[in-house]
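K.L.:
Turn this into a structure:
(4 chains)
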Protein chains: 2
Amino acid sequence: MGNEMNSIPDIIISRLPVYYQHLKRLQDSTKEYISSEELANLTGFSSSLIRKDLSYFGTFGRKSYGYDVFCLFQQLSIIMGFNYKKKIIIIGAGHLGQALAYNKGYRERGYQLVSIFDKNPKLIGLVINDIEIQSINNLEEFMENNKVSAAALTVPGGAAQKITDRLVAAGIKAIWDFTEVPLQVPDDVLLEEQLINEGLCKLSVKMNQFRINNSEAAEDLNCEQK
Amino acid sequence: MGNEMNSIPDIIISRLPVYYQHLKRLQDSTKEYISSEELANLTGFSSSLIRKDLSYFGTFGRKSYGYDVFCLFQQLSIIMGFNYKKKIIIIGAGHLGQALAYNKGYRERGYQLVSIFDKNPKLIGLVINDIEIQSINNLEEFMENNKVSAAALTVPGGAAQKITDRLVAAGIKAIWDFTEVPLQVPDDVLLEEQLINEGLCKLSVKMNQFRINNSEAAEDLNCEQK
DNA sequence: TAGAGTATGTTATTTTTTTAACAATATCAC
DNA sequence: GTGATATTGTTAAAAAAATAACATACTCTA
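P.N.:
The predicted model follows:
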């Protein structure tokens, strides 16, 4: 039964949101059961891999039927801890911070957006999706009065480490970082770097590869050395 | 010399943006050379892995010195194809689309944002970061007159596939998809799924793991079956 | 110019991850 | 019920990825 102790391999964790996404969509369909083979077609992972991933957490399938769509979705929610309620705040109410405030993904994953902070006086008081932006000066007091689990960090790069230190001092346990600045945090604070432009990079690499493969252009990848 | 032909392993591609990010920051420092060991400290990858990744593309280092910070950055830019100019458009001028329009990451990666499209008449004509939002009705005409390489897709899920089909028909070659809806595209169109909430999921899983490991709570991960 | 020190690029080894294979079990048609 | 079919969970094998090890080559000091 899988989790003897300790940590789920990162590679499995990275696939869980994909399973979740597809199963969520299937909730709206009339489909009651889904086989690993069908799930493979949807996700692009092999059926074998999917069965193995799921078996890491338990025995959810039904022989000759497949997986109960609703049950598996519930299980995934539990595995990912979505049944636990977590309060989240946004630090930095710029364009990205505001867009994140409208994110509908929080609730279903067990997060509740409880506040948005910024230092710009022009933004303070503004209400975004029912949440009032408040002064970053209130951060410590707010965190003392509210059990905040996580913070989305959307401040300018220059302010990132300083704010992070304040968050850590105030007892944050998880940071979702959009700043693209390498942050230092203690070992017991979870840090998730959201490289917002990663997708752009990957597309560019692949377009480039395509160009190279298809045009047989001499590769001038060697920089003048020394 | 690495790339005999064909495709860079995805696992290497996924690390390139991280190397890029750190080397970009190092440009601002006075550091002239960096060793794989130092880069390992910055990125969290092992020095051995870093040397191996880089050697996949060529020979960039200098024995007993390390890597020339500027040169390596340039090389990575070339490897990722940032030296090629690519026109990008945004489809969907909601909160996320607008936030993306302010993204400063395009230019340095060789992308130029050339237009934003939406179907909402209230948004059409609005200028975001010097780009005027235009009607989605103009999409095909615009693409005919402009060599657009990539599209960021930030429309509501319901419209995603339909718009994708139009983009494909109009000759798009790369889609950066924020809709969290599984899209069908032909084999020759690159699709990069940007699961915006992936970070939230990962944080939740890990917080959950921590809870389980530290509270020795009986794991009730078994759903009632059938 | 010799010798100590350093850090690469690459080869060898280990570990992790994926795929393939299949026995076990449940379903369904008859 | 019986046999044909389907699909799991798991074990075995293969492939991929990461780490460790090290020979090589460059630098610097004296």
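K.L.:
Show me what counts as buried in the longest strand seen in chain A.
P.N.:
In terms of residue count, the longest strand belonging to chain A (DSSP state E) is strand A:111-118. Buried residues in strand A:111-118, counting neighbours by 16 or more other Cβ atoms under 10 Å in any protein chain shown, are found at A:Tyr111, A:Leu113, A:Val114, A:Ser115, A:Ile116, A:Phe117, A:Asp118. C-betas here are computed from N, CA, C, even on glycine.
K.L.:
so which residue of chain A comes closest to DNA strand D?
P.N.:
Nearest residue of chain A to DNA strand D: A:Gly61, at 2.6 Å (Cβ to the nearest atom of the strand).
K.L.:
And that residue, how far from B:Ser29?
P.N.:
From A:Gly61 over to B:Ser29 the distance is 53 Å, taken as Cβ to Cβ, to the nearest Å.
K.L.:
which other helices and strands contact the helix or strand containing A:Cys71?
P.N.:
Element membership of A:Cys71, judged by DSSP states H and E, is helix A:69-79. The elements that helix A:69-79 packs onto, with contact taken as 3 or more Cβ pairs under 8 Å, 6 or more residues apart in numbering or on different chains; DSSP states H and E, are helix A:16-27, strand A:33-34, helix A:47-57.
K.L.:
what about those, which gets the closest to B:Asn103?
P.N.:
Ranking the helices and strands packed on helix A:69-79 by proximity to B:Asn103 (Cβ to Cβ) places helix A:16-27 first, at 22.6 Å.
K.L.:
Does that closest one reach DNA strand C?
P.N.:
No. Using Cβ under 7 Å from any atom of the strand, helix A:16-27 never reaches DNA strand C; the gap is at least 11.7 Å.
K.L.:
returning to that earlier point: right, and the residue of chain A closest to DNA strand D touches A:Arg51 too?
P.N.:
Yes. Using Cβ atoms under 8 Å, A:Gly61 is in contact with A:Arg51, at 7.5 Å.
K.L.:
list the residues that contact both of these two?
P.N.:
A:Ser36 (Cβ atoms under 8 Å, 6 or more residues apart in numbering or on different chains).
K.L.:
State the pLDDT value of the closest residue to A:Glu198 other than its chain neighbours.
P.N.:
Residue nearest to A:Glu198 in three dimensions, not counting chain neighbours: B:Pro17, with 4.9 Å by Cβ to Cβ, 6 or more residues apart in numbering or on different chains. What the model reports as pLDDT for B:Pro17 is 97.
K.L.:
Am I right that B:Pro17 is in contact with A:Gly199?
P.N.:
No. The pair B:Pro17 / A:Gly199 is not scored as a contact, 9.2 Å apart, by Cβ under 8 Å.
K.L.:
just the helices in chain A please.
P.N.:
A:10-13, A:16-27, A:36-43, A:47-57, A:69-79, A:95-101, A:105-108, A:139-145, A:157-169, A:198-215 (DSSP state H).
K.L.:
and the fourth one, what other elements does it pack with?
P.N.:
With contacts defined as 3+ Cβ pairs under 8 Å, 6+ apart, the secondary structure elements packing on helix A:47-57 are helix A:16-27, helix A:36-43, helix A:69-79.
K.L.:
ok, now with 6 Å
P.N.:
For helix A:47-57, the packing partners by 3 or more Cβ pairs under 6 Å, 6 or more residues apart in numbering or on different chains; DSSP states H and E come out as helix A:36-43.
K.L.:
and the helix it packs on with helix A:16-27, angle?
P.N.:
If you take axes from the mean of the first three to the mean of the last three Cα atoms, to 10 degrees, helix A:36-43 sits at 100 degrees to helix A:16-27.
K.L.:
Say whether DNA strand C is contacted by helix A:36-43.
P.N.:
No. On the criterion Cβ under 7 Å from any atom of the strand, helix A:36-43 is out of touch with DNA strand C, staying 8.8 Å away.
K.L.:
Give the buried residues for that helix.
P.N.:
A:Ser36, A:Glu38, A:Leu39, A:Ala40, A:Leu42, A:Thr43.
K.L.:
I'd like those laid out as a markdown table, including pLDDT and distance to A:Ile79.
P.N.:
A markdown table is the format used below for the buried residues of helix A:36-43 (pLDDT from 0 to 100; distance: Cβ to Cβ, whole Å):
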| residue | pLDDT | distance to A:Ile79 |
| --- | --- | --- |
| A:Ser36 | 98 | 17 |
| A:Glu38 | 97 | 20 |
| A:Leu39 | 98 | 16 |
| A:Ala40 | 98 | 19 |
| A:Leu42 | 96 | 19 |
| A:Thr43 | 97 | 16 |
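K.L.:
need those in TSV with distance to B:Lys104, can you?
P.N.:
As requested, these are exported to TSV (distance: Cβ to Cβ, whole Å):
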residue	distance to B:Lys104
A:Ser36	43
A:Glu38	42
A:Leu39	38
A:Ala40	39
A:Leu42	35
A:Thr43	33
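K.L.:
Please list the residues of chain A that sit near DNA strand D.
P.N.:
A:35-37, A:47-48, A:51-52, A:54-55, A:59-67, A:226.
K.L.:
Tell me the buried residues within these.
P.N.:
A:Ser35, A:Ser36, A:Arg51, A:Leu54, A:Phe60, A:Gly61, A:Gly66, A:Tyr67.
K.L.:
Once you drop chain neighbours, what's closest to the third one?
P.N.:
Translated: A:Arg51. That would be A:Ser36: by Cβ to Cβ, 6+ apart, it lies 4.8 Å from A:Arg51.
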